[in-house]
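A.B. asks: sequence first, predicted coordinates after that:
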Amino acid sequence: MTDLLREYLPTAPDLGLYVTPDIPASKLRAALADYAPEVDPADVVALFNATRLGSAKDGAVFLADRFIFQNNDLQAARTVRYGDIVGVRAKRKLLGGKEVLVDLNRARATVTETLDFSAQAGAAEYVERFLQQVLVAAPRPAPDPTAEGATDRRAVEEALDRLVALGRLSGADRQRMLDALA
């Protein structure tokens, strides 16, 4: 994921985006102290500063296996493992700004986390594009070797879920395809 981060997230201070080795030490310290104290600074690959004044106390830190974000001080920090992502989409906010909605597979439920780009709307497209690539590139579990000659339903469901997340397949068509396997 480190290579994807470097490829899809630019160092663009005017957008609040920084990629190693160009992350300002003061911003990294502030972000880690505020919402990711358990993270070793050497593990941070990229930083998104979501604050209007540049303190970096809200935003996201991107690591090789996950990202941790906090939209504001009233919200607890959230950790998202890249392997849990099943959908990503950007959305304009009513009064300006953008959000990136990240659908996650958590046990037997899908939950949505929202990254707020109100202060840095231009950064949303870069983060969304990176997370879309994570979704496509995420390693998938190996097929069940005990199901010799049978269709691996789990693999089919995951492939269809990726197509739905990318907007290339409707939810209704996904369900019809799964019904055909029964």
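C.D. replies: Structure's in. What do you need?
A.B. asks: could you use CA atoms for every contact and neighbour count after this?
C.D. replies: Will do.
A.B. asks: surely residue 9 and residue 127 touch.
C.D. replies: Yes: taking C-alpha atoms under 8 Å as the definition, residue 9 is a contact partner of residue 127 at 6.8 Å.
A.B. asks: dump the residue contacts of the closest residue in space to residue 17 that isn't next to it in sequence.
C.D. replies: Nearest residue to residue 17 in three dimensions, chain neighbours excluded: residue 48, at 4.7 Å (C-alpha to C-alpha, 6 or more residues apart in numbering). By C-alpha atoms under 8 Å, 6 or more residues apart in numbering, the residues touching residue 48 are 16-18, 56, 59-61.
A.B. asks: out of those residues, which are inside helices?
C.D. replies: Among these, DSSP state H puts none in helices.
A.B. asks: just the buried ones among those residues, please.
C.D. replies: Taking 16 or more other C-alpha atoms under 10 Å as the criterion, what is buried in the contacts of residue 48 is 16-18, 56, 59-61.
A.B. asks: any idea whether the residue most central in space within the chain is helix, strand or coil?
C.D. replies: A centroid search over the chain (C-alpha atoms, centre = their mean) returns residue 131, at 4.5 Å, as the residue closest to the centre. Recorded secondary structure, residue 131: helix (DSSP: H, G, I helix; E, B strand; the rest coil).
A.B. asks: that one contacts residue 88, doesn't it?
C.D. replies: Yes: look at residue 131 against residue 88 with C-alpha under 8 Å: they come within range, at 6.7 Å.
A.B. asks: shared neighbours of the two, which are they?
C.D. replies: By C-alpha under 8 Å, 6+ apart, no residue touches both residue 131 and residue 88.
A.B. asks: which helix or strand contains residue 90?
C.D. replies: Using DSSP states H and E, residue 90 falls within strand 85-92.
A.B. asks: could you do residue 6 as well?
C.D. replies: With DSSP H and E as criterion, residue 6 is part of helix 2-8.
A.B. asks: ok, now which ones touch the nearest residue to residue 8 once chain neighbours are set aside?
C.D. replies: Spatial nearest neighbour of residue 8, chain neighbours left out: residue 130 (5.3 Å); criterion: C-alpha to C-alpha, 6+ apart. Going by C-alpha under 8 Å, 6+ apart, residue 130 touches 4-5, 8-9.
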